[in-house]
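Enquirer: Dropping a prediction and its sequence here:
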Amino acid sequence: MAKPVNFREQLYTQTMSRKDPLFDSGTPGGRVLLHAAADHQFMAALLYLIDVYPVLNGERQVEEYRDDYFAATYAPPWFMELDGSGLSELLEDLFASFVCGRDLTQALAAVSSMAERGFLYTLDTLGEATLSEEEAEIYLAKQLEAVEVLSGAGLPVHITVKPTSLYSQIGPLNYERSVDVLVSRLKRILTAVKDADGFLHVDMEQRVYKNITLSAFKRLVSESSYHQLGIAVQSYLKETGADLRDLTAFARRGNYRFTVRLVKGAYYEYERIFAQENGWPSPVFEEKYMTDAAYEENLALLFENSDLIRVAAATHNMRTAAETRRLAEEAGLSSHEYEIQMLNGMASGMAEALTALGQTVRLYAPYGPMVPGMAYLVRRLVENTARDGMVRLQFIQAASREDIFASPTVTSSPAPSRADGEHFSNHPPGDFSLEAVRRSFSHALDTAPTVITGVKKRISNISTNEISTRLNEAVNAIQNAAAAWKAASNAPRRAEILRRSAGIMSRRIYELAAVQVLEVGKQWDQAYNDVCEAIDFLNYYAAESEKLFSPRSLSNIAGERNSLSYRPRGIAGVIAPWNFPLAISTGMTSAALVTGNGVLYKPAEESAVTGRLMYEIFMEAGVPAEILHFFPGEGEVVGAALVSHPRINCIAFTGSKEVGLGIIETLSRQQQGSAYVRSSVTEMGGKNGIIIDSDADLDVAVEAVLYSAFGFQGQKCSAASRAIVHESLYNEFLNRLTAAADSLIMGDAVDPGTFLGPAVSPEAERKIADYIAIGREEGREMLVKDNLAIFADIRPEHRLAQEEVFGPVLAVMKTESIRQGIEMANAVDFGLTGGIVSRNRGHIDLVREHLEAGNIYINRSITGALVGRQPFGGFKLSGQGTKAGGSQYLLNFVHPVAVSENMLRRGFSPDFTG
Ligand SMILES: NC(=O)c1ccc[n+]([C@@H]2O[C@H](COP(=O)([O-])OP(=O)(O)OC[C@H]3O[C@@H](n4cnc5c(N)ncnc54)[C@H](O)[C@@H]3O)[C@@H](O)[C@H]2O)c1
Ligand SMILES: N[C@@H](CCC=O)C(=O)O
């Protein structure tokens, strides 16, 4: 008797007998994909071309970008010979392989055809994160329209929505509000869906939004008593097992019924890179087979709960599909009581085979214009060609049946992860998507000290005479203790003290951040980052000092020994600003200390409490009390006294241009009683410009400008205060930026959801108001909301284009070309930060070479330099080119000494080898 053919066999035979049009080497698209799968460089260039394609202007430009992007790759000749029209056709075909049309009418035709071919579908309106509430409303309206059109056409209503498209201010710090807004907007869609007896599915995106999405979904389920709801869950996340246990327990507690679409996950590379950038542990499994194994475990858990949860197994993997079938049968389910979901265009042979075998298959059907569609297409291409992906294995490599159906748990163990000992590791920022992190911060805010006894009194009441006496006492104390502190042999101890200080700050990170929220109105994440930066300075300068103070020989010839060593300058006065109250104070103070100097530290008036905490931490870590002195007080009194004290050899100052230039002038006049030429490190202001090129990705541009201009109320020397925008997208950029800025949450910095808080002081508020008045005279008002203001049509000669506001006031300027844009950006006194948003390599190179800024950023925000990664500081009237957090910085606090010794004795040298 013939053996019954099992499902696995049938699926394999039927799938393999169908040709996958995606990889058909007879079509240009197929050939390009096959080449991309084999050549990573070609793939990268292709993704870049796809990304920029929708904004290119004409076929000639498509060719130019192709030539540029692929110049350094081994692209096949036929591809390089395609003209603009052939290239466009190829890219449009690729887009059409996955996307079901540019509008709802085309999508309707596509899903009707799917239904005729025996597939179910879910309709997805393409779109990535929205930047404004206006855009979120448009997305929501599109969902309602989709429901209406589908039901009007008598077709089943089944839609999938993306949380980040529904709410522009979604984010972990804005957790509660994000959940509330999502639930209310999902309910608006659900009302229409219910009327049509349809299905509403909530998609899962980047991990940072996962908990918000899960919370919102659970509330929707419990408050709506509607069963035709679903949520996607991603097996590549290590946390998913726990999330699913929580979700199934939730279903059981409330006897709720809903669908779970189990996916492997589409943001794998992004999650790995994002975690790596932040120094967080990777949230995704290191190896593909681990995800596959976790998927099967997750699937089993879902089927165990299939009395409440309908399983939608999203897969393009034959083994997973067969496993789904097996587990479903074990759970006693028929092939219609669960479903396999597949993306339109992916593994289409397998989709047809499954349907032919009587399996319910739902296709994910995205539709929409090319701009948002390209991000979707990029994800699909990466998935299709991934080295360890099943699609590649099945349809490109035509792997054996054994390999395809091998259990994911039996593959060899993962390659060990690479630890790069060469690079400095920054302290990771807070992961506010974790409830424990938010809770710790909130607790610290409740308990943080706002005033330390005596500090405020000493700020306001100190007299010039008193300061002079106390300065002399401190200077004497340093000089008496200096010998032991500055000794070369003491260098390791000094480095150790910095590391100990870093340890203390790390342990007290929430408290140190909370004080900043209360004292200067920093947002939670920015305050946390400030402490991370302080810790980084400590660790980085400790390591740099070890290099600086290790013996280094110079070029030697026989009979002569040359060496270079460093000695401290003596006594440093550190004068700090309030806006990075811990980081900048710690950076300057620790650099001076670790190089063996004594320090007199003056915090800014506005942030004396944070300054005091830093001082106490250094004391606790072991800096001798004679070596470090805390001098809070007014700039004009205490600061000025430090600058003019003849026995203070070096001033490290960060603050405004006016004060900084005054310091340089004072120091340059040799003081009586000074034994040294007194030096300074002066880091001053900026009038930073970000250029938006004609081919810019507007999503990136708007987000970069928003964050750079308005983060911490624009009170950063690095803040973008000018956006210089190419005329071809000037109006579109302005409108999107204005809508996005109008959507920002403004309020108290204590509220974690606040994006924009109040200015640091009434004086700062007045200055901002003055510039808003100037903006109204000079430019076109786009938005004025509290302190935040955007003025368009500002010209280079305007005050708003020249003067540092140090507040959330943005000047938008129009440019005709990249060269003119760079000229405009350079036409200021300052040279601190700047950048460009562009996809044109030539333009990026021009900016790299000609933009007058110490820190240049490309396709990102222009604030947020990290120690060791982006050494920070400007030139022109922004500074003297010193770089905080860079390898040269410690040299500002030392004198180099070269020693040359003659080793010859009566013609004999130890170097003589005989
Ligand atoms: N380049 C950088 O790294 C950097 C970093 C942060 C801030 N800043 C700049 O700092 C400014 C904002 O900070 P701020 O308001 O605290 O600046 P500020 O110049 O008013 O004050 C900075 C420090 O100098 C002191 N000071 C004031 N007058 C003084 C005087 N006559 N003599 C000696 N010291 C005096 C202040 O008390 C304070 O401690 C902005 O211009 C910003 O761009 C630059
Ligand atoms: N280092 C900070 C700016 C310091 C000035 O305010 C940044 O890179 O944004």
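Expert: Perfect, I can see it now. Ligands and ions are numbered 1, 2, ... in the order given.
Enquirer: quick one: secondary structure of the residue in the stretch 701-850 of the chain positioned nearest to ligand 1?
Expert: Nearest residue of the stretch 701-850 of the chain to ligand 1, counting by C-beta to the nearest ligand atom: residue 717, 3.0 Å away. Placement of C-beta: from N, CA and C, glycine included. Classification of residue 717 using DSSP: H, G, I helix; E, B strand; the rest coil returns coil.
Enquirer: Start the count at 28 instead of 1 going forward.
Expert: Sounds good: first residue 28 from here, last item residue 744.
Enquirer: tally of neighbours for the nearest residue to it once chain neighbours are set aside?
Expert: Sequence neighbours aside, residue 713 is the residue nearest to residue 744 in space, at 4.9 Å (criterion: C-beta to C-beta, 6 or more residues apart in numbering). Residues lying near residue 713 (other C-beta atoms under 10 Å) number 32.
Enquirer: give me the element residue 713 is part of.
Expert: Counting by DSSP states H and E, no helix or strand carries residue 713.
Enquirer: Would you mind measuring from it to residue 747?
Expert: 9 Å (C-beta to C-beta, to the nearest Å).
Enquirer: list the residues that contact both of the two?
Expert: Shared contacts of residue 713 and residue 747 (C-beta atoms under 8 Å, 6 or more residues apart in numbering): residue 860.
Enquirer: Would you pull up the residue in the stretch 128-277 of the chain closest to ligand 2?
Expert: For the stretch 128-277 of the chain, C-beta to the nearest ligand atom, closest residue to ligand 2: residue 200, 18.4 Å.
Enquirer: residues near that residue, how many?
Expert: 22.
Enquirer: same deal with residue 334?
Expert: 10.
Enquirer: can you pull the contacts of residue 885?
Expert: 862-865, 871, 874-875.
Enquirer: What is the nearest of the residues you listed to ligand 2?
Expert: Within those, distances to ligand 2 taken as C-beta to the nearest ligand atom reach their minimum at residue 862, with 11.7 Å.
Enquirer: Distance-wise, check the residue nearest to residue 744 relative to residue 647.
Expert: When distance is defined by C-beta to C-beta, residue 713 is 35 Å away from residue 647.
Enquirer: what do you get for residue 895?
Expert: Going from residue 895 to residue 647 by C-beta to C-beta gives 25 Å.
Enquirer: Tell me the secondary structure at the closest residue to ligand 1 within the stretch 328-477 of the chain.
Expert: Closest to ligand 1 within the stretch 328-477 of the chain is residue 453: 17.7 Å, counting by C-beta to the nearest ligand atom. Secondary structure, three-state DSSP: residue 453 is coil.
Enquirer: separation between it and ligand 2?
Expert: 13 Å (C-beta to the nearest ligand atom, to the nearest Å).
Enquirer: was I right about that residue contacting residue 559?
Expert: Yes. Applying C-beta atoms under 8 Å, one finds residue 453 in contact with residue 559, separated by 6.8 Å.
Enquirer: Which one of these two is surrounded by more residues?
Expert: Shown here are residue 453 and residue 559; by other C-beta under 10 Å, residue 559 has more neighbours (25 against 21).
Enquirer: mind listing what the more buried one touches?
Expert: Residues in contact with residue 559 (C-beta under 8 Å, 6+ apart) are 453-456, 536.
Enquirer: That one looks like it's in a helix, true?
Expert: Yes. Counting by three-state DSSP, residue 559 falls inside a helix.
Enquirer: and it, how far is that from ligand 1?
Expert: To ligand 1, residue 559 is 16 Å away according to C-beta to the nearest ligand atom.
Enquirer: Can you check the pLDDT for that residue?
Expert: With respect to pLDDT, residue 559 scores 98.
Enquirer: Same check on residue 448?
Expert: Looking at residue 448, its pLDDT is 45.
Enquirer: The closest residue in space to residue 527 that isn't next to it in sequence: neighbouring residues, count only.
Expert: With sequence-adjacent residues excluded and distances taken as C-beta to C-beta, 6+ apart, residue 527 is closest to residue 648, at 4.0 Å. Per other C-beta under 10 Å, the neighbour tally for residue 648 reads 18.
Enquirer: gap between the residue nearest the centre of the chain and residue 235?
Expert: Centroid-nearest residue in the chain: residue 301, 6.9 Å away (criterion: C-alpha atoms, centre = their mean). Residue 301 is 8 Å from residue 235, where distance means C-beta to C-beta.
Enquirer: Show me what counts as buried in the strand or helix carrying residue 828.
Expert: Here residue 828, judged by DSSP H and E, is contained in helix 826-829. Neighbour counts over helix 826-829 (16 or more other C-beta atoms under 10 Å) mark 827-829 as buried.
Enquirer: For it, give me every contacting residue.
Expert: Residues outside helix 826-829 that contact it (C-beta under 8 Å, 6+ apart): 714, 749, 798, 801-802, 805-806, 818, 821-823, 836, 838, 840, 851, 854-856.
Enquirer: let's go with 6 Å and repeat that
Expert: If you take C-beta atoms under 6 Å, 6 or more residues apart in numbering as the criterion, helix 826-829 is touched by 801-802, 805, 821, 838, 855.
Enquirer: Include pLDDT, neighbour count and distance to ligand 1 when you put these into a markdown table, please.
Expert: Below are the contacts of helix 826-829 laid out as a markdown table (pLDDT from 0 to 100; neighbours: other C-beta atoms under 10 Å; distance: C-beta to the nearest ligand atom, whole Å):
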| residue | pLDDT | neighbour count | distance to ligand 1 |
| --- | --- | --- | --- |
| 801 | 98 | 17 | 17 |
| 802 | 98 | 25 | 19 |
| 805 | 98 | 18 | 21 |
| 821 | 98 | 24 | 19 |
| 838 | 98 | 30 | 16 |
| 855 | 98 | 24 | 13 |
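Enquirer: hmm, back to that, quick check, nearest of the contacts of residue 559 to residue 165?
Expert: Closest approach to residue 165 among those (C-beta to C-beta): residue 456, at 32.1 Å.
Enquirer: so what are the domain limits for this protein?
Expert: Domain segmentation of the chain under automatic domain parsing yields 31-155+254-431, 466-484+495-711+916-924, 715-904.
Enquirer: Generate JSON lines for those, with distance to residue 225 as supplementary columns.
Expert: Output for those, formatted as JSON lines (distance: least, C-beta to C-beta, whole Å):
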{"stretch": "domain 31-155+254-431", "distance to residue 225": "7"}
{"stretch": "domain 466-484+495-711+916-924", "distance to residue 225": "38"}
{"stretch": "domain 715-904", "distance to residue 225": "29"}
